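In: From the sequence below, what's the structure:
(one chain, ligands or ions: 1)
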Amino acid sequence: MSGSVITGWGTALPEKVVTNAEFEARLETTDTWIVERTGIHERRFGGTTSGLAVEAGAAAITMAGLAPSEIDLLILATTTPDKAIPATSSTVHAQLGCSGAAFDLNTACAGYVYATVVADAMLGAGIGFKRALVIGSETLSVITDMEDRATAVLFADGAGAVVFEHRDDAQPLILASDLGLDGSLLSILYCDHGGFMKMEGREVFRRAVRATVESALKVLDQAGVTADEIALFVPHQANQRIIDAMTQRLGIPQDRTAIVLDKTGNTSSASIPIALAAAADAGRLSDGDLILFSGFGAGMTWASAVVRWGQ
Ligand code: UT7
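Out: Sure thing, here's the model as predicted:
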């Protein structure tokens, strides 16, 4: 038997806290509307995608007790790269001092789960990779129209990182996964080069609930586990009402759900690793616990996985 284990994690949030009151002061919106319709109280703006990724990645590598040069696979999930060329993972690879391969992966808010599945597959493929750093990092404030109340209050910046190490004696990390996409829905959430994000919020909401619940139920079934056996559900952090609809339909109570949305807003591919790290830091995870990830985003993409925490 062989598999990957999670040995470190870290996060980075810009220092600048932006409260709902700041939007209330200059847009036709209210703190009450934002909290009731989204669950978001504040978010962070600032930094660069590579800078936040380096900070989160360095913390994860330190926790794993590794030297950066021992990381031989770096996957950066992002939908807000610093430049068109090269991939932002090149900057992160250089600044951290990693070895081996690095690439960006863009499946929007499903990016971290996609990247985790890809990293685990590459570590297990016997093609020479031993230690992977998977980072979700975003600076969505750069591509958000701050005059558009429908999106300005939602999206924000941050990064989360996880180190995976391949071990010959470990159980499989991923019990089941489901990666998918419906490209016919790309017009409901997109951003042109040099432009701002455009979103049909209500339609994304509807599709997101349906896709993630179906996908989560599929991986639970494939893994042969029930919702009761999930120690922690880590959903994409887009809207508290979406999370509520998911937990209700999956039968997972909120006390077994990781939520950071109220303090971070929607950080796309960074949201799941930030929520995971916060739960781990709070001592909510023990060796052998099963975690359910479920994310959705522009594409429309979705991704779910049942993952074993620890040894
Ligand atoms: O990460 C993946 C991508 N994104 C998402 O997952 C977002 C999914 N969608 C959502 O979270 C929700 O649809 C939103 C939070 C974006 C909107 O909430 P909603 O309850 O679906 O509102 P709505 O779009 O149906 O709009 C209701 C009303 C509209 O006014 P009218 O047309 O009824 O007069 C909007 O113009 O709320 C208005 N509205 C606002 N009012 C105050 C939209 N944004 C705001 C705002 N403040 N910030």
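In: interface residues of the stretch 51-200 of the chain facing the ligand?
Out: Taking CB under 6 Å from any ligand atom, the part of the stretch 51-200 of the chain that reaches the ligand is made up of C109, R149, A150, V153, L189. Heads up, the C-betas are built off the backbone N, CA and C, glycines and all.
In: V134 sits in which helix or strand?
Out: strand 131-139 (DSSP states H and E).
In: Repeat that for R43.
Out: strand 42-45.
In: who's in contact with that strand?
Out: With CB atoms under 8 Å, 6 or more residues apart in numbering as the test, strand 42-45 has contacts from 13-20, 141, 155-158, 262-265.
In: Pull out the buried positions in that strand.
Out: E42, R43, R44, F45 (16 or more other CB atoms under 10 Å).
In: quick revisit: just the buried residues of the contacts of strand 42-45.
Out: Burial by neighbour count, 16+ other CB under 10 Å: within the contacts of strand 42-45 this picks out L13, P14, V18, N20, S141, F155, A156, D157, G158, K263, T264, G265.
In: Tell me who's in contact with the fourth one.
Out: Remark: with contacts taken as CB under 8 Å, 6+ apart, N20 is in contact with T29, T30, D31, I34, V35, I40, H41, E42, V153.
In: If we use 7 Å, what do you get?
Out: D31, I34, V35, H41, E42, V153 (CB atoms under 7 Å, 6 or more residues apart in numbering).
In: buried stuff in stretch 155-168?
Out: 155-167.
In: One more: stretch 199-210?
Out: Going by neighbour count (16+ other CB under 10 Å), the buried part of stretch 199-210 is M199, G201, V204, F205, R207, A208, V209.
In: Look up the pLDDT of the closest residue to the ligand within the stretch 151-300 of the chain for me, please.
Out: Closest residue of the stretch 151-300 of the chain to the ligand, CB to the nearest ligand atom: G201 (2.8 Å). Per-residue pLDDT puts G201 at 96.
In: Could you find the closest non-adjacent residue to it?
Out: Using CB to CB, 6 or more residues apart in numbering and skipping residues adjacent in sequence, the residue nearest G201 is A150, 6.0 Å away.
In: how close does that neighbour get to Y190?
Out: 15 Å (CB to CB, to the nearest Å).
In: Please name every helix or strand in contact with the helix ranked longest in the chain.
Out: In the chain, taking DSSP state H as the definition, the longest helix is helix 201-223. When contacts are defined as 3 or more CB pairs under 7 Å, 6 or more residues apart in numbering; DSSP states H and E, helix 201-223 packs onto strand 174-181, helix 240-250, strand 290-297, strand 301-308.
In: Dump the ones you listed to JSON lines, plus distance to S137, mean pLDDT and mean neighbour count.
Out: Output for the helices and strands packed on helix 201-223, formatted as JSON lines (distance: least, CB to CB, whole Å; pLDDT from 0 to 100; neighbours: other CB atoms under 10 Å):
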{"stretch": "strand 174-181", "distance to S137": "20", "mean pLDDT": "98", "mean neighbour count": "19"}
{"stretch": "helix 240-250", "distance to S137": "22", "mean pLDDT": "98", "mean neighbour count": "18"}
{"stretch": "strand 290-297", "distance to S137": "15", "mean pLDDT": "98", "mean neighbour count": "26"}
{"stretch": "strand 301-308", "distance to S137": "17", "mean pLDDT": "98", "mean neighbour count": "26"}
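In: and the closest residue to A211 other than its chain neighbours, what is it in contact with?
Out: In space, A211 comes closest to W302 once its chain neighbours are excluded; the distance is 4.4 Å by CB to CB, 6+ apart. For W302, the contacting residues are A110, G180, A211, T212, S215, G295, F296, by CB under 7 Å, 6+ apart.
In: re the thing from before, just the CA atoms of the strand holding R43, as CSV, please.
Out: Extracted in CSV, the C-alpha atoms of strand 42-45 (Å, rounded to 0.1, in the frame of the first residue of the first chain):
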residue,chain,number,x,y,z
GLU,A,42,-15.6,41.5,6.1
ARG,A,43,-12.9,40.6,3.6
ARG,A,44,-9.3,41.3,2.9
PHE,A,45,-7.9,43.2,-0.1
